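Colleague: The following block contains a protein sequence and its predicted model.
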Amino acid sequence: MSSENLSAGEDTKSTDGRQTAQPANALDRFFKISERGSTVGQEVRGGLATFFTMAYIVVLNPLIIGTALDADGQYLGDLTEPGSAIPLVAAATALIAGLLTIAMGVFGRYPFAMAAGLGLNAVLAYSVASGMSWEDAMGIVVLEGIIIAVLVLTGFRVAVFHAIPAGLKTAIAVGIGLFIALIGFVDAGFIRRIPGAEGESSVPVQLGAGGSLSGWPTLVFVIGLLTAVVLVALRVKGAILISIISTTIIAIIVEAVAKVGPFNSGVGPDGKPQINSDGWQLNVPKLPDEIIGMPDLSLIGDFSLFGSFERAGVVAALLFIFTIMLADFFDTMGTVVGVGAEGKLLDKDGNLPGVKSVLLVDSVGAAAGGVGSVSSNTTYVESAAGVAEGARTGLASVVTGLLFLVAMFFSPLVSMVPFEAATPALVVVGFLMMTQIRNIDFSDYDMAIPAFLTIVLMPFTYSITAGIGAGFIAYVVIKAARRKFAEIHPLMWVISLMFVIYFTLDPIKELLGVS
C-alpha cells in the first residue's frame, strides 16, 4: 500500500510486527504518539495520573528542607522564623518540577516526570546543610549536577546504562515495583514503623498502629485500593485516575463529617510531637479557604557554588558531592529501566532508545534543583502511574509539567488530595512492575542471586541505589569467583568499585578524619 493511500490514523505495521497508526498531525509526529501505540487521550490521562501520584512533593519537600536549620541556625532564604521558608520552598519546588518535566517531555520525549528527589533532600537537610550554610549546600547540588551532565555528554553515563546485563535491568524494574508498593502502603499508614525503645522508629514492618488497622483514613485507603484493583482488573480506561479522584471525594466527605484531623498536629506544650495515630498522614482532605495564591520565588538563584569548599573543607565537600552524585546517577537509571520496561519502551537488550536525551535532561535537573534551592531534581518512579494509564510519550510529561506550574498558584487544590487517596495507585503500579520477574532465569545462580539482592534490598533499605549497588557487586564477585571474567563488562568493575566506596563512606570519612 502506498503512502498516498494511507489516511491519517490508518493502521499499519511497525518493524516489530505491532499494529500502529500513521501520524494524524504534527503533534502526533513530534511525540510519536501513534508510533508507540498511544493516543492523545491516553497521554493526557497518564499525565494527570502521574501528577496526582507525585503532587505530594510540593507539600512534602518544604516540610523536609524548609524546616531544617543550617550550621548558622537559619532556614532557607536566611530566614529565622520556624515555618517561614515553607511557602517559598513549595513555590520553587512546583516551578522547577514543572519546567524540568516539560523539558523531559519535549527533549527526552518519554513519559518521565521530574521533581525534588526524596532521600536526596533528606541527606541535604540533615547531613550537608548542618555543616554549612544553605547557600553552600545548594552549591554542592549544582556542582553535582554539572558533573553528571559532563558524564552524559562524554558518553560515560550512557555507556554504563548499556553495560548492565539484561537480567539485572529486569531485577531493577521488579525491585522498584516492590519499593513503590511499599512506599504506597507506608505513606497511607497501612504499614507503619514500630516505635523503638528510645522513642525512635525502626523499619516499617507493622500493620497499622499497634499491629491492627484503625481510623477513617485507613478505610479510605482500603476503599481506594479496592477501587483501583477492580478497575484495573476490568481494564477500565483511566482506572488509576478515577480511583484517585473518587477516593479524594470520599476523603473530603469523611473529613467533613468525622473531623479526623492530621496525623501530626505539631509540637505540644511539653515539647513533644502531638500524634493522632488515626489521622491523615500528610494532607487533610478539605475544601480550601482560598483557591489561588501568588507564589514567592525569592529562593531562585540563592546558592554559593564553591562556598562549601571553604566552609566544610575540600575533602568533605568532595565526599558530599560524590554521595549525592552516585545516588542521583543510579536512582534515575533504575527508574528509567523500570518505568520503560513497564511501558514496553525498551529494546530487546533492555535499553531505552534515545536514552542520552533523557539522562541529559535529568542531569540538568540535578543542577536546576540547586539553583532553585529545592534540592536535586530527579526522574520520579511515580511516572509508572502514568505509564499504567497508557502514557508512552513525552506529551504526558508536558501535561504533568503544566500541572506543576499551575500548582504554584493553586497549591490549596493540590493539598486536597491526601496520601490515602493517591497511594493506592503506587500499590497497583507495583504489582504491574512485579510481573516482569518472570523474565529472570532463576535457575542461573550467576544472575539469580544478584537479581534477588537487587529486588529485595530496594524495599528493605528504602533505597533504589542500595539495591542496585548490592546487585552489581554480587554479580561481579560471583562471575569473578567462577572465573568468568570475559562475561564482566569493564564498566561493571568500575561501577562496583564505586559502590564499594559508597557503602563504606563512613569508615572512609573516619579514616580521613572528616566529620
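Modeller: Everything's here; your move.

Colleague: which regions of this protein lie under the pLDDT threshold?
Modeller: Where the chain drops to pLDDT under 70, the residues are 1-22, 119, 195-204, 210-212, 238, 265-273, 411-415, 514-515.

Colleague: Was I right to think residue 410 contacts residue 295?
Modeller: No: the criterion here is CB atoms under 8 Å, and residue 410 misses it with residue 295 at 10.2 Å. All C-beta spots, glycine's among them, are computed from the backbone N, C-alpha and C.

Colleague: Can you pull the residues that touch both of those two?
Modeller: Overlap of the contact sets of residue 410 and residue 295 (by CB atoms under 8 Å, 6 or more residues apart in numbering) is empty.

Colleague: Mind listing what's buried along stretch 327-334?
Modeller: Neighbour counts using 16 or more other CB atoms under 10 Å place 327, 328, 329, 330, 331, 332, 333, 334 of stretch 327-334 among the buried residues.

Colleague: In TSV, list these along with secondary structure and distance to residue 256.
Modeller: Listed next are the buried residues of stretch 327-334 as TSV, based on DSSP: H, G, I helix; E, B strand; the rest coil; distance: CB to CB, whole Å:
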residue	secondary structure	distance to residue 256
327	helix	41
328	helix	42
329	helix	46
330	helix	44
331	helix	39
332	helix	41
333	helix	44
334	helix	41
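
Colleague: What distance do you get for the residue nearest the centre of the chain to residue 208?
Modeller: The centre of the chain sits closest to residue 380, judged by CA atoms, centre = their mean, with a distance of 2.9 Å. Look at residue 380 and residue 208: by CB to CB, to the nearest Å, they are 27 Å apart.

Colleague: Pull out the buried residues from stretch 451-465.
Modeller: 451-460, 462-465.

Colleague: what does stretch 478-489 give?
Modeller: In stretch 478-489, counting by 16+ other CB under 10 Å, buried: 478, 479, 488, 489.

Colleague: Now do the SS call for residue 441.
Modeller: Under DSSP: H, G, I helix; E, B strand; the rest coil, residue 441 falls in the coil class.

Colleague: Identify the residue spatially nearest to it, adjacent ones excluded.
Modeller: residue 447 (6.3 Å; CB to CB, 6 or more residues apart in numbering).

Colleague: The one you found is in contact with residue 166, isn't it?
Modeller: No: using CB under 8 Å, residue 447 is not in contact with residue 166, being 9.0 Å away.

Colleague: Looking only at neighbour counts, state which of the two leads.
Modeller: residue 447 (22 against 15; other CB atoms under 10 Å).

Colleague: Could you pull out the helices in the stretch 1-150 of the chain for me?
Modeller: Taking DSSP state H, counting those that start in this stretch as the test, the helices found in the stretch 1-150 of the chain are 26-31, 40-54, 57-65, 86-103, 120-123, 134-153.

Colleague: Likewise for the stretch 351-500 of the chain?
Modeller: Listed in chain order, the helices of the stretch 351-500 of the chain (DSSP H, counting those that start in this stretch) span 355-371, 383-388, 394-409, 411-414, 419-422, 424-434, 445-461, 464-481, 490-503.

Colleague: Generate a markdown table for these, with distance to residue 147 as supplementary columns.
Modeller: Shown next, in a markdown table, are the helices of the stretch 351-500 of the chain (distance: least, CB to CB, whole Å):
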| stretch | distance to residue 147 |
| --- | --- |
| helix 355-371 | 9 |
| helix 383-388 | 24 |
| helix 394-409 | 25 |
| helix 411-414 | 33 |
| helix 419-422 | 34 |
| helix 424-434 | 30 |
| helix 445-461 | 25 |
| helix 464-481 | 16 |
| helix 490-503 | 13 |
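
Colleague: hey, which of those helices is tucked in deepest?
Modeller: Among the helices of the stretch 351-500 of the chain, helix 383-388 has the highest mean neighbour count (mean count of other CB atoms under 10 Å), at a mean of 32.

Colleague: so how far is it from its chain's centroid?
Modeller: Put simply, helix 383-388 sits 12 Å off its chain's centre (CA atoms, centre = their mean, to the nearest Å).

Colleague: other SSEs contacting that helix?
Modeller: Contacts defined by 3 or more CB pairs under 8 Å, 6 or more residues apart in numbering; DSSP states H and E place helix 383-388 against helix 40-54, helix 314-342, helix 394-409, helix 424-434.

Colleague: nearest to residue 82, of these?
Modeller: helix 394-409 (23.1 Å; CB to CB).

Colleague: Run the angle between the closest one and helix 40-54 for me.
Modeller: When axes from the mean of the first three to the mean of the last three CA atoms, to 10 degrees is applied, the directions of helix 394-409 and helix 40-54 differ by 50 degrees.

Colleague: Format the CA atom coordinates belonging to helix 394-409 as PDB.
Modeller: C-alpha atoms of helix 394-409 as PDB (Å, rounded to 0.1, in the frame of the first residue of the first chain):
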ATOM      1  CA  GLY A 394       6.600  13.000  26.200                       C
ATOM      2  CA  LEU A 395       3.200  14.600  25.800                       C
ATOM      3  CA  ALA A 396       2.200  13.000  29.100                       C
ATOM      4  CA  SER A 397       5.200  14.700  30.700                       C
ATOM      5  CA  VAL A 398       4.200  18.100  29.300                       C
ATOM      6  CA  VAL A 399       0.700  17.600  30.800                       C
ATOM      7  CA  THR A 400       2.300  16.800  34.200                       C
ATOM      8  CA  GLY A 401       4.700  19.700  34.000                       C
ATOM      9  CA  LEU A 402       2.000  22.200  33.200                       C
ATOM     10  CA  LEU A 403       0.000  20.900  36.200                       C
ATOM     11  CA  PHE A 404       3.000  21.500  38.400                       C
ATOM     12  CA  LEU A 405       3.300  25.100  37.100                       C
ATOM     13  CA  VAL A 406      -0.400  25.600  37.800                       C
ATOM     14  CA  ALA A 407       0.100  24.100  41.200                       C
ATOM     15  CA  MET A 408       2.300  27.100  42.100                       C
ATOM     16  CA  PHE A 409      -0.900  29.200  42.000                       C
END
